[in-house]
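# what's the 3D shape of this:
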Amino acid sequence: MTTGRAIRVLVTLLVVALTWTTGQAFAATPDADRPLAARVVTYDVSGAAEFTTAVHRGADAWNASVANVRLVPVQTGQRANVRVVADNGWPRAQRTSLGNGTVWMGRQAVSEGYNTVRIASHEFGHILGLPDVKPGPCSSLMSGSTGGISCTNQFPNAQERATVERYFAGSLLLGPAADSPRSNVPALALGR
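Numbers count the residues shown, from 1 in each chain. Below you'll find the model as predicted:
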């Protein structure tokens, strides 16, 4: 065996030994068995105008549906993860990274008869990493406008819940899950 090969074998064995030791040390920490707290995503409704109550109810729908992330109103002096703005266009969301971005509560959809709480919950879904699912039934929150004007469902279905839970699993210690969607995406709209 050459000296170079012997050194490579020793380095490999050392790396393996350190990996095992580090893993065992981590498993032995007292916090390892404690459940992780939910990641908090703050939102700012100061620009939401007449949609403020609907936005809070949309956040409440997500909070009642998932455990790994919590949507809470931003506190004074705090910077929000999500800015909510009312405008005259169609509702849409621009996610800058998982759990961060801007939601526009567009008056156009409301004037056409769409439910404001469903709109808010749907747009929060985009901020939490979900794409539009079109066409889709009313039971799919991310079906957006294809659920129809009479659709008032504000809650994510089982698949939507599971996806968001996976994206935010372990988020306090590890950050967004490795399989989370790409961070810079085009604006996603409630759509037609």
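
# Next up, the contacts around the most centrally placed residue in the chain.
The centre of the chain sits closest to Leu128, judged by CA atoms, centre = their mean, with a distance of 1.8 Å. Residues in contact with Leu128 (CB atoms under 8 Å, 6 or more residues apart in numbering) are 41, 62, 69, 98-99, 164, 167-168. Backbone N, C-alpha and C define where each C-beta goes, glycine included.

# And for Val133?
Here Val133 is in contact with 140, 142-144 (criterion: CB under 8 Å, 6+ apart).

# Would you work out how far apart the start and end of stretch 149-163 are?
Chord length of stretch 149-163, first to last residue, is 26 Å (CA to CA, to the nearest Å).

# burial count for Arg92?
21 (other CB atoms under 10 Å).

# list the buried ones in stretch 106-121?
By neighbour count with 16 or more other CB atoms under 10 Å, stretch 106-121 contains the buried residues 106-107, 109-110, 114-121.

# Pull the residues that contact that stretch.
Stretch 106-121 is contacted from outside by 51, 54-55, 57-59, 61-62, 84, 86-92, 103, 105, 141, 145, 147, 149, 151-156, 190, using CB under 8 Å, 6+ apart.

# please redo it, this time with the cut-off set to 7 Å
51, 54-55, 57-58, 61-62, 86-92, 105, 141, 145, 149, 151-154, 190 (CB atoms under 7 Å, 6 or more residues apart in numbering).

# what do you get for stretch 59-66?
Residues beyond stretch 59-66 that count as contacts (CB under 7 Å, 6+ apart) turn out to be 43, 70-71, 121, 124, 154-156, 161, 164-165.

# and which of those residues is nearest to Thr3?
Glu165 (52.2 Å; CB to CB).

# Would you work out how far apart the start and end of stretch 64-72 are?
Stretch 64-72: ends 12 Å apart by CA to CA.

# Restricted to helices, list the contacts of stretch 106-121.
54-55, 57-58, 61-62 (DSSP state H).
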